[in-house]
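> let me see the structure of the following:
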Amino acid sequence: MLVAAAVCPCPPLLVPEVAAGAAPELDTARAACTDALGVLAAARPDLLVVVGPADTAGPETYPQGTPGSFHGFGVGLDVRLGADVPPEAGVRPGSEVPHGADRGTPAGPALPYGLAVGAWLLGRTGWADAPVEGRGVGEHLTAERCAEEGRAVAARADRVALLVMGDASACRTLKAPGYLDERAAPFDAEIARALGAADTGALLGLDTGLARDLRVSGRAPWQVLAGAAAGNASLGGALLYEDAPYGVGYLVATWS
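Residues are numbered from 1 along each chain as shown. As a prediction, this is how the structure comes out:
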């Protein structure tokens, strides 16, 4: 069952080494992300699943210890998902993985950028509270398929927490990556309201086509969250951060 979730933006600029001289501009966002991860730790999960956008036809699983990097952004920075140890196959409720034990690097694809940012956030806060795995979800997944994936993730252990990575629209200003679109601000405002209210119905009802037009990377991950939360009506939401630096909507929220 889902017991807690943190929603964070996933721009590589969140990583100070990538942002370089512009790093202080996102200090408030980074602080909000740190607070959100604190909510996850306080929930004492048996398993943490990091969900983020990926260029994949269907959901892709990334084991604990999967490497990622920011080399594509001109920075020689490498990360790993959680501790450098793949969790045991078929994580059992209450099972533990020794932090820092060395069992090699999992075979398979490297982390997509959104999950790499999530791995960086976990490393920055020193996460060692539960085994970690990643799920990459593509923008072409339907709301129904995302909700199905969320229900499957929530059933992975008695106490599951999610770190959900994704950005809102990239069309908030003339200099935004997607240029100015007048539909972007109201779309982002509804997402912020839904995340702050833990409104699963509103998230599942997001217009997939409009989200694609507005270059919203978080649509599918947020709908996975909505599906995961379906079995726990007691979850309440809190919006910790909302802004659009560089013309891109960044949101931080918690559900617990």
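> distance check, the one residue sitting closest to the centre of the chain against residue 245.
Centroid-nearest residue in the chain, with CA atoms, centre = their mean: residue 165, separated by 1.9 Å. Using CB to CB, to the nearest Å, one obtains 17 Å as the distance from residue 165 to residue 245. Using the backbone N, CA and C atoms, a C-beta is placed for each residue, glycine as well.
> before we move on, what about residue 221?
20 Å.
> between these two, which one's more packed in?
residue 221 (32 against 17; other CB atoms under 10 Å).
> who's in contact with the more buried one?
51-53, 114, 137, 164-166 (CB atoms under 8 Å, 6 or more residues apart in numbering).
> can I get those in CSV including secondary structure and pLDDT?
Shown next, in CSV, are these (DSSP: H, G, I helix; E, B strand; the rest coil; pLDDT from 0 to 100):
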residue, secondary structure, pLDDT
51, strand, 98
52, strand, 98
53, strand, 97
114, helix, 97
137, strand, 97
164, strand, 98
165, strand, 98
166, coil, 98
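> next one: the helix ranked longest in the chain to chain centre, how far?
Counting by DSSP state H, the longest helix found in the chain is helix 27-42. Distance of helix 27-42 from the chain centroid (CA atoms, centre = their mean, to the nearest Å) equals 12 Å.
> contacts for that helix next, please.
So helix 27-42 is contacted by 4-9, 14, 16, 48, 121-122, 124-125, 127, 129, 161, 163, 240-241, 243, 245, 250, 252-254, 256 (CB under 8 Å, 6+ apart).
> average pLDDT for it?
Average pLDDT, helix 27-42: 97.
> for residue 12, which residues are in contact?
18, 70, 73, 113, 116-117.
> cool, residue 138 as well?
53-58, 220.
> now residue 3
Residue 3 is in contact with 43, 45, 159-161, 232, 256, counting by CB under 8 Å, 6+ apart.
> which is the succeeding secondary structure element to the strand or helix carrying it?
Under the criterion of DSSP states H and E, residue 3 resides in strand 2-8. Next helix or strand after strand 2-8 toward the C-terminus (DSSP H and E): helix 16-19.
> got a list of contacts for that following helix?
12-13, 23, 25-26, 30, 70, 73-75, 77.
> thinking again about what came up before, any of the contacts of residue 138 buried? List them.
Burial by neighbour count, 16 or more other CB atoms under 10 Å: within the contacts of residue 138 this picks out 53-54, 220.
> contacting residues for the residue lying farthest from the centre of the chain?
In the chain, residue 174 marks the outermost C-alpha relative to the chain mean, sitting 26.7 Å out by CA atoms, centre = their mean. By CB under 8 Å, 6+ apart, the contact set of residue 174 is 180, 247.
> likewise for residue 68?
Residues in contact with residue 68 (CB under 8 Å, 6+ apart) are 78-81, 110-113, 115-116, 119.
> could you check the host helix or strand of residue 145 and say which residues are buried?
Using DSSP H and E, residue 145 maps to helix 143-154. Buried residues in helix 143-154, counted by 16+ other CB under 10 Å: 143, 145-151, 153-154.
> kindly report the same for stretch 17-27.
18-19, 26.
> go on, stretch 59-66?
Neighbour count says stretch 59-66 has 59-60, 62-66 buried, by 16+ other CB under 10 Å.
> now tabulate those residues in JSON lines and tack on pLDDT and secondary structure.
Shown next, in JSON lines, are these (pLDDT from 0 to 100; DSSP: H, G, I helix; E, B strand; the rest coil):
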{"residue": "59", "pLDDT": "94", "secondary structure": "coil"}
{"residue": "60", "pLDDT": "95", "secondary structure": "strand"}
{"residue": "62", "pLDDT": "97", "secondary structure": "strand"}
{"residue": "63", "pLDDT": "97", "secondary structure": "coil"}
{"residue": "64", "pLDDT": "97", "secondary structure": "coil"}
{"residue": "65", "pLDDT": "96", "secondary structure": "coil"}
{"residue": "66", "pLDDT": "97", "secondary structure": "coil"}
